[in-house]
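J.: What shape does this take:
(2 chains)
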Protein chains: 2
Amino acid sequence: MTTHAFEITITRKEGLSDPEGTTAKKALHDLGYGGVGDVSFGRIIAIEVEAKNLATARSQVEEMCMRLLANPVIEAFAIEAVT
Amino acid sequence: MTTHAFEITITRKEGLSDPEGTTAKKALHDLGYGGVGDVSFGRIIAIEVEAKNLATARSQVEEMCMRLLANPVIEAFAIEAVT
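T.: Sure, this is the predicted structure:
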């Protein structure tokens, strides 16, 4: 069993509104940053998984995203192995 | 004036506890993923800024992080230009 590290990036699916981003954009304009265009928020999760090999670990992480870490209805996720 | 795109990664400062990560780890263990080790959460912000050059845009983004987007007391941030 080896420990494998992954970085999961979770973002809103294309085309969905991002209320957090819209609010931040407005707040930045109010602070005087008029040049600010699109702002969008996402999450990043660093996770370590002990498994017999990288493929097994990765498929477990994918399952965890679907079941708990992400909301597959409105979010897309990308899993990257960190070496 | 050109539009410059950046990706900001915001994570907890080293050594600070991450309650969200601890909770996720426990929940994943409860779901049967016993091999899960450290879990830590961060945020990722994609932002577009119109400025006369990349350096100006980047220093504005740095200021925005300090003033609004991050909490410099407990968070560290990294700014990467996206081309």
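J.: and stretch A:28-41, does that touch chain B?
T.: Yes - legend: contact between stretch A:28-41 and chain B by Cβ under 8 Å from any Cβ of the partner chain is shown at A:Leu28, A:Leu31, A:Tyr33, A:Gly35, A:Val36, A:Gly37, A:Asp38, A:Val39, A:Ser40, A:Phe41. Placement of C-beta: from N, CA and C, glycine included.
J.: Weed out the non-buried ones from the residues you listed.
T.: Burial by neighbour count, judged by 16 or more other Cβ atoms under 10 Å in any protein chain shown, picks out A:Leu28, A:Tyr33, A:Gly35, A:Val36, A:Val39, A:Ser40, A:Phe41 from the residues of stretch A:28-41 next to chain B.
J.: From B:Ile44, how far off is the residue positioned nearest the centre of chain A?
T.: When Cα atoms, centre = their mean is applied to chain A, the residue found nearest the centroid is A:Ile10 (1.8 Å). Counting by Cβ to Cβ, to the nearest Å, the gap from A:Ile10 to B:Ile44 is 8 Å.
J.: any shared contact partners between the two?
T.: A:Gly42, A:Arg43, A:Ile44 (Cβ atoms under 8 Å, 6 or more residues apart in numbering or on different chains).
J.: For A:Asp38, see how far away A:Leu28 is.
T.: Distance from A:Leu28 to A:Asp38, counting by Cβ to Cβ: 11 Å.
J.: Now for those two: what residues contact both?
T.: Common neighbours of A:Leu28 and A:Asp38 (Cβ under 8 Å, 6+ apart) do not exist.
J.: which residues of chain A fall in strands?
T.: Secondary structure of chain A (DSSP state E): strands located at A:2-12, A:36-51, A:75-82.
J.: The longest one to strand B:2-12, inter-axis angle?
T.: Read that as strand A:36-51. 40 degrees (axes from the mean of the first three to the mean of the last three Cα atoms, to 10 degrees).
J.: Average pLDDT for strand A:36-51, rounded please.
T.: Mean pLDDT, computed over strand A:36-51, is 97.
J.: Which strands or helices does it pack on?
T.: In this structure, strand A:36-51 makes packing contacts with strand A:2-12, helix A:19-30, helix A:54-64, strand B:2-12, strand B:36-51, judged by 3 or more Cβ pairs under 8 Å, 6 or more residues apart in numbering or on different chains; DSSP states H and E.
J.: closest one to A:Phe77 among the ones you listed?
T.: Among these, strand A:2-12 comes nearest to A:Phe77, with 4.7 Å by Cβ to Cβ.
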